[in-house]
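Sequence and predicted model, in that order:
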Amino acid sequence: MAAPDPDREKFKQVRIFGLLSSIPGFLVVPPVVGALAGMWLDKRFGTAPWLLLVFLILGFGSGVRLIMRTLQRVNQIQERDE
């Protein structure tokens with residue numbers, strides 16, 4: 001078995017770090033976008049606070065989904081090189 005290439009290992013670690021560093025954004029951005037969309041739609045249709053709550057929950061769900069996909073991608077990268 002050949003010795004692992006140090007440049008390839010470093011690249012893999014940097015790629016994993018890049019993917020994991022996007023997770024805090026997934027916790028913040030989708031719920032904020034959902035809340036803003038919900039507030040706008042509530043003002044437009046006079047349904048306050050129902051659309052805000054619906055879109056906020058959808059934003060959190062979207063953030064969790066993005067986090068799960070990112071973690072699966074990191075897991076695939078780690079398993080591929082083992």
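Cool, the structure landed.

This structure: helices as residue ranges?
6-21, 23-45, 50-80 (DSSP state H).

Which positions in the first one come out as buried?
Spelled out, it's helix 6-21. Neighbour-count burial for helix 6-21 flags Lys12 (criterion: 16 or more other Cβ atoms under 10 Å). In short, each C-beta sits where N, CA and C put it, glycine included.

worst average pLDDT in the helices of the chain?
With a mean of 92, helix 6-21 has the lowest mean pLDDT of the helices of the chain.

for stretch 49-58, which positions count as buried?
In stretch 49-58, counting by 16+ other Cβ under 10 Å, buried: 51-52, 54-56, 58.

list the contacts for the spatially closest residue to Val29 that is not a sequence neighbour?
Of all residues not flanking Val29 in the chain, Gly63 sits nearest, at 7.5 Å (Cβ to Cβ, 6 or more residues apart in numbering). By Cβ atoms under 8 Å, 6 or more residues apart in numbering, the residues touching Gly63 are 26-31.

of all the buried residues of stretch 49-58, which comes closest to Ala35?
Distance to Ala35 across the buried residues of stretch 49-58 (Cβ to Cβ) is lowest for Leu56, with 4.9 Å.

show me the contacts for the closest one.
By Cβ under 8 Å, 6+ apart, the residues touching Leu56 are 31, 34-35, 38.

For those residues, which PyMOL command selects only the ones that are buried?
Buried members of the contacts of Leu56, defined by 16+ other Cβ under 10 Å, are picked up in PyMOL with:
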select buried, resi 31+34+35+38
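
Is it possible to get a markdown table of the contacts of Leu56 that adds distance to Gln72?
As requested, these are arranged in a markdown table below (distance: Cβ to Cβ, whole Å):
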| residue | distance to Gln72 |
| --- | --- |
| Pro31 | 21 |
| Gly34 | 23 |
| Ala35 | 27 |
| Gly38 | 29 |
